[in-house]
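Novice: test case, fold it:
(chains A, B and C)
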Amino acid sequence: MTGLVGAVAQVVVVAVGSPLLVGLMRKIRARLEGRVGAGVLQTWRDLRKLCRKEAISPHGTGWVFRMAPLVLAGTALVVASVVPLVTTQSPMDGVADLFAVAALLALGSVALALGGLDTGTAFGGMGASREVTLLALVEPTILLSVFALSVRVGSTNLGEIVTAAVHDPMAVISPVSLLAAVALGVVTIAETGRIPVDNPSTHLELTMIHEAMVLEYAGPDLALIEWASGMRLFVLLGLLAGLFAPWGIATAGAGPVAVVLALVVLVFKVAVLGAGLAAGEVFMAKLRLFRIPELLAGSFMLALLAVAASYFLA
Amino acid sequence: MISLLRKMRKTGRVAEPAPEPAAGDTVPAAAELGGSVQIRHIDAGSCNGCEVEIASAFGPVYDAERYGARLVASPRHADALLVTGPVTRNMEVALRRTHEAVPEPRLVIALGDCARDCGVFAGAYGVAGAVKDVLPVDAEVPGCPPKPEAIVEALRGLTGR
Amino acid sequence: MNAAGASLLSALGLCLVSALAGATAPRRVRPLLAGLGTACAGAAAAAAGVAALAGQSWSAWLPGVLPLAGARLALDPLGGMFVAVTGAVAVCAAVYGIGYAKHGVDGRVTQATLPLFLGAMLLVPVAASVSTLLVAWELMAVTSLLLVLAEHARRPAVAEAGLWYAVMTHLGFAAIVAGMAGFAAGAAGESFEQLRAATLSPAVRDAVFVATLAGFASKAGIVPLHVWLARAHPEAPSPVSALMSAAMVNMGVYGIVRVGLDLLRGGPSWWWLVVLAMGALSALFGILQAAVASDLKRLLGYSTTENMGLVLIGVGAAGFFASCGDKELAGLALVAALLHVVNHAGFKTLLFLAAGSVLRATGTRDLDALGGLRGRMPYTTALFAVGALAASALPPGNGFVSEWLLLQSLIHALPTSGVAGAVTMPPAVGVIALSAGLAIATFVKAFGVGFLARARTPAAGRAAESPPTMICGMALAAACCVALALAPAAVLPALSHLVAVLLPGHEAVGGVVTLRLADVQGTMSPLLIAAALAVAAALLLGSVRLVARRARRPARLWDCGAGPMTPRMEYTATSFAEPLQRVFDNVLAPESDLAVTPTKESAYLVESIHYRARIPDRIERRLYDPVLAAAASIGRGATRLANGSIHRYLAYGFYALTGVLLVLAVVW
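Specialist: Purely as a prediction, here's the structure:
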């Protein structure tokens, strides 16, 4: 029962909290740049306003363009219900493992890329092309990191990986974990389109990846996309925290108090990670597009090392 | 990186304290936006003086973003068009099309004297007219170029904050 | 005779009847009669295969059919699976073919050969002796060659593709003949039962396995023996492409499994590591070439190489685990490989048939010239989307299920398979992941550029939807894909059972809604994932409708306020793949020529610029071209010996005779 409550709670927290996370990150960037910033609630104001505006179907677009935001946000919601952010006892836990989560996130990106291609504009195609290129290069790192993490537990089910980590906290600071953590960290940055892979606040179309695909979306469609991007960021940061700092997550047999505590801890962990990410971005410039594969190849090597370490150090 | 960090600590907050909002300056059509105004800037024939001032308004000192205004990359994402310069003949159609591309509710701000009444370019052979001759204007910011404070105040009239 | 045997014989009989109808019926009803007959034959074969999977076995010895040994046929679960897949593919392709035939393939030869090709493909997995297998194999090669050449009069590329195919398939056949003949000689008998019972020396076993592996891998389009595939599959008529790419290549996998795991009863781990390495190389090379291809059918052909590579990774891993003594994991890997054969057959049939519809409607396979088909060919577009989702191994597609099983079998290998496993499994997982990622890029390109946005050429803008029979054929394949995606449990027990017979052990995968792995921890539910996605999307749609205040409005595309954007401004398949091409520049080695023609007046004024870029198959360039060039130069050198002078030929005769006499004089 607490499993179901925890699962619902984590979906709600992700849905409500992700715009706040984006707002927090913007606020921190603003402060580090000497500005004041718009406040943590601003992203919610933006979303509210976008929902009131009209949606636009540009001439020549069809059902793919219209469905893409729904699929993107739908995959983000499903992932939010599967990943053990608050509880490892989610009724969805057996439905999708870490491979399936990676594939669902990829499905969301694919939907958006097709939406960008459906417009037939040069920028839509360009964004889609770059997005799927990065997606293809990110995939090996994700799956190898999954491999490394699953060796110790003997399963790719997220609930079991996290439960094992909760019960054996020292394993978290093993070389396997550290290498996999760095690799997955790079992947998270690439998947969520943050600096140095992509600049979410750029206005220059030629440097865009994610933004170029959504240039044609307006109103509620755009609100769904922005919200889904926030949820993906929240879920990935939460997953990273859950895999490598699982303390506080409610495991089997936990009571309602543990679930509430887990919620608080989750919010804290994600806020800290988000703040760190935002602060780190201030010190970095975006990489050239064709330097990004080198970064991803580096993270792939780390993941490979993690797998090797998991065997030879076991 | 360390030096950048030190500089950040030493500089601290650059933004000036927010002045009291001027009463009675709000645009009624903007009420529906609820404190969030995304802006697409269009140079319809400006001398780029206004652009320099817009950059200042969104820079660290005046920090227009704290009032809920933000510049965006596509008119589809925008609520308001920030038009500078007299509307030249070459930009007239483009300006109309950009306005058409903005989803409702949409606002138009004419920024600077040229945008309001063509300024020094009035009557020039390449000028089609002021912004209000081409599009319905919801707010105007006088000045040549307008001060960043004036721009920020006009934007606050839109966001209501 | 039981139901399995009866259905199989009626399928073979229907093939002959349809061939007769194709050869004799008047042109007006020929496609209908031959197509319906072939579809019925396919359905009967599918029924026979399903019956065999369910446990019915059947065998026959027909002494008069082949000289000396007679033909031996036997239907067991392994063969039954391939019979069922072939039959199901044939039903879709034959129904589709009724409408497609008007596109210039309603000639007598083509219409009569297609059922024969099906019959040959059905005979291969039921052949139970070496001679029967070889005859069926050669029959399959010859009939498919005739079908590849169906359009040779219209395009010169067809003849070249046919030549490549003929040579490669016969080299492969020679390897299989050598391997199987050696096997039969060592076993003192040529029926499969005698082969199973044989005890051979390790060296002979190695030789048999390597020779047959080379032959079967060439049929499966495995790198570096894949060069015929990317030529022949695009040039064949589309229903034939579907049959070849979804059914015929499977016979290579069947051969490897049959010989390696069944007749030879497994072998040393290096055999299987070779299989795994070939599979990994094929998966990566195939999908990389597909990712940068702009010819739709060539792209699909290379994707076949990729998918057969993934299957071989599973087969190799299964053999490897079995040689390490881990029967459970071996069973899981083999189930994953066989499920991927089934899934690949489903979505590749669908994709090739849809590509054929596009080709029929627009006259081109070039993605750079397509686009905007969404509005004019709505059914084909939706059906291609189903196939593309499956081929990119994303949930809720069927390709995802088998790749998930494959990954599960590989990542659980570390504790038991020793250092060899620890060294090979991580790169294998990396290869599968990269090929999955590149498959996503490939099929986003194929669907997004080929079907969405606006037409890039007038021909694409005039496209019209295909006739109902073609849509029906595609819809059948799509229904199979959807069923396999949502309820893999419908086929998994049968596959687990067949694998449990092949590699003695218990069934590897269980569960109905949620798949549960028997011996390692792992659960996943394709049905619930799909349901969760549908519920989430519906919830979102409802809540957006609830909060939205304004209706959706059509508007011009945002063209920066400038004039309307022409189709030339759209991204093309080539430009879409350009970042990938740059990233993998060293592997792909693209070629480009730039010719600048200055005007007559001044060398500094340019009159025209010709830019030509192409991405050749690098293995063909490096491995085959030198051999072909050497053969050609030897041939040219030999022409100097035979210059047409009768005196010279008489002299050759004289010198040869003298030489022989001298040798005899010395030796005797």
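Novice: contacts and neighbour counts: CA atoms only from here.
Specialist: Fine.
Novice: residue 15: what's its closest spatial neighbour, skipping adjacent residues?
Specialist: Here I'm looking at chain A. Nearest non-adjacent residue to A:Ala15, counting by CA to CA, 6 or more residues apart in numbering or on different chains: A:Met231, 6.5 Å away.
Novice: try again with chain B
Specialist: B:Val61 (4.1 Å).
Novice: need the pLDDT of that neighbour.
Specialist: For B:Val61, the pLDDT comes out at 93.
Novice: hang on, isn't it packed against B:Ala18?
Specialist: No - applying CA atoms under 8 Å as the test, B:Val61 and B:Ala18 come out as separate, 10.3 Å apart.
Novice: show the pLDDT at B:Gly24.
Specialist: Looking at B:Gly24, the pLDDT reads 59.
Novice: what's the answer for A:Ala314, then?
Specialist: In this model, A:Ala314 is scored at 64, pLDDT.
Novice: and B:Arg13, by the same measure?
Specialist: 88.
Novice: so C:Val386 versus C:Leu394, what's the distance?
Specialist: To C:Leu394, C:Val386 is 11 Å away according to CA to CA, to the nearest Å.
Novice: the two: who's more crowded?
Specialist: Higher neighbour count among C:Val386 and C:Leu394: C:Leu394, with 27 against 23, using other CA atoms under 10 Å in any protein chain shown.
Novice: quick check: which element contains the more buried one?
Specialist: In the assignment (DSSP states H and E), C:Leu394 maps to no helix and no strand.
Novice: quick check, it in contact with A:Val101.
Specialist: No - contact criterion CA under 8 Å: C:Leu394 and A:Val101 do not qualify, at 10.5 Å.
Novice: where does the closest residue to chain B within chain C land in three-state SS?
Specialist: Chain C approaches chain B most closely through C:Gly561 (4.0 Å), counting by CA to the nearest CA. Recorded secondary structure, C:Gly561: coil (DSSP: H, G, I helix; E, B strand; the rest coil).
Novice: that one: neighbouring residues, count only.
Specialist: C:Gly561: 19 neighbours (other CA under 10 Å).
Novice: quick check: chain neighbours aside, which residue is closest to it?
Specialist: Residue nearest to C:Gly561 in three dimensions, not counting chain neighbours: B:Ala94, with 4.0 Å by CA to CA, 6+ apart.
Novice: quick one: list the elements packing against the helix or strand where the one you found lies.
Specialist: Taking DSSP H and E as the criterion, B:Ala94 maps to helix B:89-101. Packing partners of helix B:89-101 (3 or more CA pairs under 8 Å, 6 or more residues apart in numbering or on different chains; DSSP states H and E): strand B:127-129.
Novice: could I get the following helix or strand past the strand it packs on in PDB with only the CA atoms?
Specialist: Using DSSP H and E, the helix or strand that follows strand B:127-129 in sequence is helix B:131-134. The C-alpha trace of helix B:131-134 is given here as PDB (Å, rounded to 0.1, in the frame of the first residue of the first chain):
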ATOM      1  CA  VAL B 131       4.600  50.600 -36.200                       C
ATOM      2  CA  LYS B 132       1.000  51.700 -35.500                       C
ATOM      3  CA  ASP B 133       0.400  52.100 -39.200                       C
ATOM      4  CA  VAL B 134       1.100  48.400 -39.700                       C
END
